[in-house]
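Participant: I need the structure of the sequence given here:
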Amino acid sequence: MPTLRRSSSRRRFGQVSPQLVSLTRLRREHLRRAPADQALVVLALLLALMTFGKVLSPQYFIGILPTWALAAARDRWIAVLGGLTLALTQAEFPALYWNLLDMEPTTVAIVVARNPLLLVTFAFTLWRVWSLPGGKVGAGQPDSLAQPPRRSAGETAQPTPS
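Facilitator: The predicted structure is shown next:
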């Protein structure tokens, strides 16, 4: 009986997704305090699915619009890269789709330009997620967010001199 082999795109996503989840877990305390950055992580995951998935349907770009808009509102580079990717997709589909099937050079050039741009958008978004603060609770936080130090049972609070 023949065995089913995993496709290379599935294998690539299988390698990227656990790292992205681990990266997100390292930054979860920051993401709890800064919900606006959650859109960046969701966008990175969606772009990973699109970039490394077996099929890249133009309709998938409609699905990332809300998340992209939230991330783009805070980051100009994500706005530009995502906007260019979306514009090239709109130029290709639906108007030039049949030309793509006929392998007309102009339409193929649009798709060939869009696909690496999608990869660059994913890489840049992933870099932005990587740049988010991470680490233990209390590390690198303003004093108002840091947890107070623990005291032993017999220790009393010392008044601070004023």
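Participant: So which elements touch the top helix by length along the chain?
Facilitator: For the chain, the longest helix by residue count, based on DSSP state H, is helix 105-131. For helix 105-131, the elements it packs on are helix 8-26, helix 38-52, helix 76-92, helix 97-101, judged by 3 or more Cβ pairs under 8 Å, 6 or more residues apart in numbering; DSSP states H and E. Glycine gets a C-beta too; all of them are placed from N, C-alpha and C.
Participant: next structured bit after the first one?
Facilitator: In the C-terminal direction, the helix or strand that comes right after helix 8-26 (DSSP states H and E) is helix 28-33.
Participant: Average pLDDT for that next one, rounded please.
Facilitator: Helix 28-33 comes out with an average pLDDT of 89.
Participant: Who are the contact partners of residue 100?
Facilitator: 92, 107, 108, 111 (Cβ atoms under 8 Å, 6 or more residues apart in numbering).
Participant: What subset of those residues is buried?
Facilitator: For the contacts of residue 100, a burial check counting by 16 or more other Cβ atoms under 10 Å picks out 92, 107, 111.
Participant: Which residue, neighbours along the chain excluded, lies closest to the spatially most central residue of the chain?
Facilitator: The centroid of the chain falls nearest to residue 44 when counting by Cα atoms, centre = their mean (1.2 Å). Once flanking residues are discounted, residue 44 sits nearest to residue 125: 4.5 Å by Cβ to Cβ, 6 or more residues apart in numbering.
Participant: That neighbour contacts residue 40, correct?
Facilitator: Yes. Counting by Cβ atoms under 8 Å, residue 40 is a contact partner of residue 125 at 6.6 Å.
Participant: What about residue 94? Give its phi and psi, please.
Facilitator: phi -90, psi -10 (degrees, to the nearest 10).
Participant: Return the residues in contact with it.
Facilitator: residue 58.
Participant: From residue 72, how far off is it?
Facilitator: For residue 94, the distance to residue 72 equals 24 Å [Cβ to Cβ, to the nearest Å].
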